[in-house]
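**Student:** model the structure of this input:
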Amino acid sequence: MDFCQILGVKTAAATMEEATAMVCRHYRNWRGQYITFANTHAVVMADDRKEYRKAQNNAVLTFADGYPVASYERKKGYKRAERIAGPDFMTEIFIRSAKEGYRHYFYGSSPQTLRELKKNLQEKYPRMVIAGMYAPPYTEKLNKDYAQDIKRINDTKPDFVWIGMGAPKQELWMYQNKGKVDGLMLGVGAGFDFHAGTRKRAPRSWQRIGMEWMYRLLQEPKRLLKRYLVTNSKFLWKTLVQRK
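**Tutor:** The predicted model follows:
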């Protein structure tokens, strides 16, 4: 697998097939480690914030979750690089779960979303093993000690621990608890909502042309307008300067 430096973040330039095969081959060896999925917002935040950059670069793998990020990889010479979005990666792993017997733990989001998520996954992947789920009380900042939560996770003996807190919180949480969780952690943000059906994802046609961000903006303009205007502009400018 090849790696590409995008601003301050080292991403894995890969196809979805390569990424899935790599993770399924090594997940046992990577227990206690974590994987991130970086879109333009995450890349810009990492370039601007030292602690978040550490969190991204201490991941065992960081995949390009965003059309502009994957496009940049291809412009740098990694012609086969694809967008590897967290929700899509979840699907690929879930499909393999029936055959491989993977055990999954879901940490984050809200109790309501987790209920819907469990219902949908059991209907779609009836042989999938859901080892446990927990939605921690919401806080703006991370707590110093997550020993009880980690014990709750580890007691279920999971293979994959999906973290749905949103960026930058989920990456900082995984960085803080690296080596403590007995499973491979993956920060997938809104992946919980998409698979639960509590938030509608952009149609494939929008995704293929790199306009999923616009679809999400139309759904949540108040929350996302400033983020997309600022971070997308910053990403374009910063990567242009880096290429030169």
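**Student:** tell me the strands in this protein, going along the chain?
**Tutor:** With DSSP state E as the definition, the chain shows strands at residue ranges 2-6, 9-13, 34-38, 61-64, 103-108, 129-134, 160-164, 184-187.
**Student:** list the helices and strands the first one packs on?
**Tutor:** Packed against strand 2-6 by the contact rule (3 or more CB pairs under 8 Å, 6 or more residues apart in numbering; DSSP states H and E) you find strand 9-13, helix 67-75. Placement of C-beta: from N, CA and C, glycine included.
**Student:** now tabulate the ones you listed in a markdown table and tack on mean neighbour count and distance to Ile163.
**Tutor:** Written out in a markdown table, the entries for the helices and strands packed on strand 2-6 read as follows (neighbours: other CB atoms under 10 Å; distance: least, CB to CB, whole Å):
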| stretch | mean neighbour count | distance to Ile163 |
| --- | --- | --- |
| strand 9-13 | 23 | 18 |
| helix 67-75 | 20 | 20 |
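**Student:** ok, which of the ones you listed comes nearest Tyr102?
**Tutor:** For the helices and strands packed on strand 2-6, distance to Tyr102 was read as CB to CB. The smallest value, 20.7 Å, belongs to strand 9-13.
**Student:** sorry, back to before: and the strands of the chain, which one is worst for confidence?
**Tutor:** Confidence, taken as mean pLDDT, is least for strand 2-6 of the strands of the chain (a mean of 93).
**Student:** that one: how far from the chain's middle?
**Tutor:** Relative to its chain's centre, strand 2-6 lies at 17 Å (CA atoms, centre = their mean, to the nearest Å).
**Student:** list the buried ones in it?
**Tutor:** Cys4, Ile6 (16 or more other CB atoms under 10 Å).
**Student:** strand partners (parallel or antiparallel) of that strand?
**Tutor:** Each strand that pairs with strand 2-6, with its direction, by DSSP bridges: strand 9-13 (antiparallel).
**Student:** need the per-residue pLDDT for the most centrally placed residue in the chain.
**Tutor:** For the chain, the residue sitting closest to the mean C-alpha position, by CA atoms, centre = their mean, is Val188 at 2.9 Å. Among the per-residue scores, Val188 holds a pLDDT of 98.
**Student:** please apply the same query to Lys222.
**Tutor:** pLDDT for Lys222: 70.
**Student:** that one: neighbour count?
**Tutor:** Number of residues near Lys222 (other CB atoms under 10 Å) recorded here: 6.
**Student:** from Pro203, how far off is it?
**Tutor:** According to CB to CB, to the nearest Å, Lys222 and Pro203 sit 23 Å apart.
**Student:** buried set for stretch 32-49?
**Tutor:** By neighbour count, with 16+ other CB under 10 Å as the criterion, the buried positions of stretch 32-49 are 32-47.
**Student:** give the contact list for the residue nearest to the centre of the chain.
**Tutor:** Taking CB atoms under 8 Å, 6 or more residues apart in numbering as the definition of contact, the neighbours of Val188 are Phe37, Gly86, Pro87, Phe89, Met90, Trp162, Ile163, Gly164, Gln170.
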